[in-house]
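Participant: Starting from these lines, generate the structure:
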Amino acid sequence: DIRRPSGEYVFIDEHELSIEDGHFGFSPKGDNFYNYPATRHNAGGAFSFADGHAEATRWKDPRTMKINANPTASPNNPDLKKMQEHIATRLYNN
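Facilitator: Next up is the predicted model:
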């Protein structure tokens, strides 16, 4: 089950220079990019959500658009924080 289907990513448009292993990796907390979101859509990327809708996002922080070595620290990056807010989380029965 998905807690917030309208707020959790299913597919992320990954930057072509970041594709290396078949999945998009980033931590739900912290300041590191492990893979990079696409920037080819008007300086932004596209995301689909668990409820079936999709959104395009324009990046606000110029560091999001620079592909560097993995992982790359990007402290206080609002784009990374926004992505972290939409990570799908698994529900556990306690």
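
Participant: any idea which helix or strand carries the residue nearest to the spatial centre of the chain?
Facilitator: Nearest to the geometric centre of the chain sits residue 83, at 4.3 Å (C-alpha atoms, centre = their mean). Per DSSP states H and E: residue 83 is located in helix 78-85.

Participant: in that helix, what's buried?
Facilitator: Buried residues in helix 78-85, counted by 16 or more other C-beta atoms under 10 Å: 79, 80, 83. Using the backbone N, CA and C atoms, a C-beta is placed for each residue, glycine as well.

Participant: quick one, phi/psi of the closest residue to residue 2 other than its chain neighbours?
Facilitator: Excluding its sequence neighbours, the residue lying closest to residue 2 (C-beta to C-beta, 6 or more residues apart in numbering) is residue 50, at 4.7 Å. Dihedral pair for residue 50: phi -60, psi -20, per degrees, to the nearest 10.

Participant: Tell me the pLDDT of the residue nearest to the centre of the chain.
Facilitator: Residue 83 is assigned 92 on the pLDDT scale.

Participant: list the contacts for it?
Facilitator: By C-beta atoms under 8 Å, 6 or more residues apart in numbering, the residues touching residue 83 are 9, 12, 26, 37.

Participant: At which residues are the strands of the protein located?
Facilitator: Using DSSP state E, the strands of the chain run over 9-12, 32-33, 44-49, 54-58, 72-73.

Participant: For the longest one, which strands pair with it and how are they oriented?
Facilitator: Right, strand 44-49. Under the criterion DSSP bridges, strand 44-49 sits next to strand 9-12 (antiparallel), strand 54-58 (antiparallel) in its sheet.
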